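A.B. asks: Turn this into a model:
(2 chains)
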Amino acid sequence: MAVNVLIVDDSAAIRKILRRVLVQAEVPVGQVHEAGDGEEALQVLQKEKIDLVLTDINMPKMDGLEFLRRIKQIAGFEHLPVVMITTEGSKAKVLEAVKLGAAGYVRKPFTADQIKEKLAGLY
Amino acid sequence: MDVREVQRYLIHATEEVCRTALGLPVEVGTVDPQSGPPGADDGVVALLGLVGNWVGVGSLTCEAGVACNLSGRLLLTEFNSVTDEVLDAIGELANMIIGNFKTHFEERVGPLGLSIPTVIYGKNFTARSPHENSWLRVPFSSELGLFDVRVCLEPNARRVRATAHLALVEESQS
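C.D. replies: Predicted coordinates for the structure are as follows:
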């Protein structure tokens, strides 16, 4: 079954790179949706069937940690896998993400293989 | 803090980002610890703020042609002029470099917040920082052209005053 992915990052460059990596992934990827911040991403989640979220942390309007916190509070989304992809490398941020229920944490700059391995580990 | 330590973190972060995101080996030029802020002569300028026990700004600057080259390598696309996509890509490269620097630096100075990048490309502007400190400028050369990474940092006076006040209160209560 194909995995529908939501990419959340305020950088169009990163969204483009992640799209390219997803095409190469062993995991069969279905539809790929994009959002520029947490608020926009929550709207996409209400409209589309999403199986996996890849999100940045530092974003305008609503950051990735607040977005993750909100997702986990929405009935039906408690088990939606959310992978953080971010320049934030401090232990405090990693621990906070894990505590909030992140399914993974990849630091920027990332390689395509790191993302593919993370997806393979989830599916 | 020794400026050479800050310089080491900055070089390490830049080399790691260029190697991983761009597959680009870089060479470090002559470091200027007394540099000024970036300006219009620098071409494309990406700035990010840092705040915590220390405060300041980090930047990535390069000429327009180099910005196109770096963005092209990042996105596997050819750019002949500075487009919104190029500005976004340079902002993201700056975010990764200064973000990586922050991760190393905060091991010494405690947690720091990082702003989202602001990218400027224009002909008539000057950047001015409220800090009196000089900017540490590290120039890099690569097969895609020359670029600079800079930081201007100082201890956060407000935090220092707050910590001193807390220490006084604790002392007076003990």
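
A.B. asks: Going by C-alpha atoms from here, please, whenever you check contacts or count neighbours.
C.D. replies: Noted.

A.B. asks: Quick one: residues contacting residue 38.
C.D. replies: Because you didn't say which chain, this covers chain A. Going by CA atoms under 8 Å, 6 or more residues apart in numbering or on different chains, A:Gly38 touches A:8, A:59, A:61-64, A:66-67.

A.B. asks: Actually, chain B is the one I wanted.
C.D. replies: Taking CA under 8 Å, 6+ apart, one finds B:45, B:59, B:61, B:126-127 in contact with B:Pro38.

A.B. asks: Separate out the buried members of the residues you listed.
C.D. replies: Buried members of those, scored by 16 or more other CA atoms under 10 Å in any protein chain shown, are B:45, B:59, B:61.

A.B. asks: which SSE is A:Val23 in?
C.D. replies: Using DSSP states H and E, A:Val23 sits in helix A:12-24.

A.B. asks: Pull the residues that contact that helix.
C.D. replies: Residues from elsewhere that reach helix A:12-24 (CA under 8 Å, 6+ apart): A:7-9, A:29, A:32, A:34, A:36, A:112, A:115-116, B:75, B:85, B:88-89, B:92.

A.B. asks: Closest to chain A out of the buried ones among the contacts of B:Pro38?
C.D. replies: Nearest to chain A among the buried ones among the contacts of B:Pro38: B:Ser59, at 15.4 Å, using CA to the nearest CA.

A.B. asks: List the beta-bridge partners for the spatially most central residue of chain A.
C.D. replies: For chain A, A:Leu54 is the residue whose C-alpha lies nearest the centre (CA atoms, centre = their mean; 1.4 Å). Going by DSSP bridges, A:Leu54 is paired in beta bridges with A:Ile7, A:Val83.

A.B. asks: check contacts around it.
C.D. replies: Residues near A:Leu54 by CA under 8 Å, 6+ apart: A:5-8, A:82-85.

A.B. asks: hang on, the earlier thing: please determine whether the helix or strand following the helix holding A:Val23 lies in contact with chain B.
C.D. replies: Downstream of helix A:12-24, the first helix or strand assigned by DSSP H and E is strand A:29-35. No - judged by CA under 8 Å from any CA of the partner chain, strand A:29-35 makes no contact with chain B; its nearest approach is 15.1 Å.

A.B. asks: Would you mind listing the buried residues in the helix or strand that strand A:29-35 is followed by?
C.D. replies: Once strand A:29-35 ends, the next helix or strand along the chain (criterion: DSSP H and E) is helix A:38-47. The neighbour-count check on helix A:38-47 (16+ other CA under 10 Å) flags A:38-39, A:41-42, A:44-45 as buried.
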